[in-house]
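> A predicted structure for the sequence below; I have some questions about it.
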Number of protein chains: 2
Amino acid sequence: MLSIGEFSKAAGLPVKTLRFYHEKGVLIPARVEANGYRYYDSRNLEAAQVIVALRTLEFPLDEIASLLSNCSSDEDILDHLTARREEVARKIQQQTDILSRIDMTLERERETRMTFAASASEIEEKHLEPVLIAGLRMKGRYPEMGKGFGQLGRKLGRKIAGAGMCLYHDREHREEDADFEPCFPISGKVTVPEFSVRELPGGRAITLVHVGSYEDLGRSYAKLFEHAEEKQLSLSCPSREVFLKGPGVFFKGDPAKYATEIQFLIADNE
Amino acid sequence: MLSIGEFSKAAGLPVKTLRFYHEKGVLIPARVEANGYRYYDSRNLEAAQVIVALRTLEFPLDEIASLLSNCSSDEDILDHLTARREEVARKIQQQTDILSRIDMTLERERETRMTFAASASEIEEKHLEPVLIAGLRMKGRYPEMGKGFGQLGRKLGRKIAGAGMCLYHDREHREEDADFEPCFPISGKVTVPEFSVRELPGGRAITLVHVGSYEDLGRSYAKLFEHAEEKQLSLSCPSREVFLKGPGVFFKGDPAKYATEIQFLIADNE
DNA sequence: GATTGACTCTCCAGTTGCTGGAAGCCGTAA
DNA sequence: TTACGGCTTCCAGCAACTGGAGAGTCAATC
């Protein structure tokens, strides 16, 4: 017969835990004196080892209690083991989901920083590479765009391969009934019926990175048009806005720091 | 301004949870009337969305609260995201460990059943295949064997490829100072200095499956020796016991149901 | 026999993120 | 007026402990 302190060392469980197990009926001491002192025997020690083994597999205590009173051989608990297995597999799946969501966000953020650092805030003429996108064409008001991106983001998940962008199929600014298409560059074929998956053409383009709130985009467009007129460039439709930095996944951030690259392909008319 | 019920629908959070978040200081309603009624505004809604997003990543509430009051942009929480990432990765690792331990046990049990079903309880002459083992030779009393198996099990882990067995290097039964070697068949090279890793030779053997407690093994040995004498077979050392079914990982089980195959290679003396 | 120090006891509270219930107030419609 | 729904606070419970307070017990020593 061991006192609780001795048994604690033998079983490798804290005294507090032993008292708790007693209270829960999981491990009942062989003898309890009138003064409340608990004394444990070798059968208790065996039970304690079973408990420890099952707890390392994170079996709940009440299940362990019932196993201890109903089972005497490993084969009796096979069902419980398979059930536990399912549960653990489910947990792993769930945590893996979380992990990949975090990784996506971090990846996204890192990339944002890269493209952002590489972009000047002046009018540039440069060559755009063709890019595979999935887009969702919508008609309405510009603020509706958020919902479009929401849908795209949810469905595309980890297929997203770059900063979100928007194509404007109108030749001029429209408050209502505008025709635009939020889209994401993607890394492989996607088959969602609502989305238009295609390759955006590359080519010579003039671009300008607009830093600040979307409400001031007009001024940057004006600059671009002015430049195009000077250089006698004819700009092709649709125009594109690449959201180098906009509202984040969690926080809106500061609109004064938003960065949006406006891109116009130059129509070759030779 | 929305009442708590309306806001609950808008934010997709139960009323109880909103009150709880208020109490915890995570989401404080824009206005609280003298009668205690809570009213929420659009800023609260934004905060609620941030909270929901961060909760799906299982951020703790107090961390969310501090993020909400200190951060306004996604880049502010990059550190927290990476920390969360670590934490989640740790959890996955841990659960994966548990999963593989469960799988090992299930695998073990399934195999036990197979070998058990395939074994007759009569003296048999059969051919044994060579088998790669890791063994731990010990001198002492038989009950010490348990510790040896414990060590082997812990170190070999998922390399174990079959039921445990024991080699007896003595030519006769010894209570004390016996020379025996608990071992496991293994699936690949193992380099633990204390263990002897080698191939057990195969060959013609006589075997008998002993069903019952280890204490009665003597009777089965006697049967075997008698048979060997009748047939004028000379038995080679070490003899082997294969523990088809013994005490389990968790429970001891019923000794009357233990099954142990005794194997003696037949010394070829042509 | 008294005292000391280690050991043990019970009871309560706190952890995390809610969830449920009881009892009671508030506002409105029939 | 009364019913009803919505709102309030407060308390309890989950799971598996952990920590602390305050008090009783044991064995040995002085």
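Looks like it came in fine. Numbers count the residues shown, from 1 in each chain, chains lettered A, B, ... in the order given.
> how far out from the middle of the chain is the host helix or strand of A:A134?
A:A134 is part of strand A:131-135 when elements are defined by DSSP states H and E. Taking CA atoms, centre = their mean, to the nearest Å, the mean C-alpha location of strand A:131-135 is offset from the chain mean by 20 Å.
> neighbouring strands for the helix or strand following that strand, and are they parallel or not?
Remark: after strand A:131-135, the chain's next helix or strand is strand A:138-140, criterion DSSP H and E. Strand A:138-140 has these partner strands in its sheet, going by DSSP bridges: strand A:178-185 (antiparallel).
> list the buried ones in the strand it pairs with?
A:A178, A:F180, A:E181, A:P182, A:C183, A:F184, A:P185 (16 or more other CB atoms under 10 Å in any protein chain shown). The way it works is simple: take the backbone N, C-alpha and C, and place the C-beta from them, glycine included.
> How about stretch A:93-113?
Buried-residue list, stretch A:93-113, by 16+ other CB under 10 Å: A:Q95, A:T96, A:I98, A:L99, A:R101, A:I102, A:T105, A:R108, A:E109, A:T112.
> Now render those residues as CSV, adding secondary structure, pLDDT and distance to B:R85.
Formatted as CSV, the buried residues of stretch A:93-113 follow (DSSP: H, G, I helix; E, B strand; the rest coil; pLDDT from 0 to 100; distance: CB to CB, whole Å):
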residue, secondary structure, pLDDT, distance to B:R85
A:Q95, helix, 97, 11
A:T96, helix, 97, 12
A:I98, helix, 97, 9
A:L99, helix, 97, 7
A:R101, helix, 94, 10
A:I102, helix, 96, 5
A:T105, helix, 92, 10
A:R108, helix, 87, 14
A:E109, helix, 89, 12
A:T112, helix, 86, 18
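> export those residues to CSV and tack on distance to B:S121?
Formatted as CSV, the buried residues of stretch A:93-113 follow (distance: CB to CB, whole Å):
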residue, distance to B:S121
A:Q95, 48
A:T96, 48
A:I98, 53
A:L99, 52
A:R101, 57
A:I102, 58
A:T105, 63
A:R108, 66
A:E109, 67
A:T112, 72
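> which among those gets closest to DNA strand C?
Nearest to DNA strand C among these: A:I98, at 13.4 Å, using CB to the nearest atom of the strand.
> Would you mind measuring from A:S220 to DNA strand D?
The gap separating A:S220 from DNA strand D is 45 Å, by CB to the nearest atom of the strand, to the nearest Å.
> just A:P193 next, same as before
In this view, A:P193 and DNA strand D are 38 Å apart by CB to the nearest atom of the strand.
> Confirm that that residue sits in a strand.
No: according to DSSP: H, G, I helix; E, B strand; the rest coil, A:P193 belongs to no strand; its state is coil.
> Which residues of chain A lie near DNA strand C?
With the criterion set to CB under 7 Å from any atom of the strand, chain A comes near DNA strand C through A:S3, A:I4, A:G5, A:E6, A:S8, A:V15, A:R19, A:N35, A:G36, A:Y37, A:R38.
> 6 Å - rerun?
For chain A, the contact set with DNA strand C under CB under 6 Å from any atom of the strand comprises A:S3, A:I4, A:G5, A:V15, A:R19, A:G36, A:Y37, A:R38.
> I figured the last one was touching A:G5, is that so?
No: with contacts defined as CB atoms under 8 Å, A:R38 does not count as touching A:G5, sitting 10.0 Å away.
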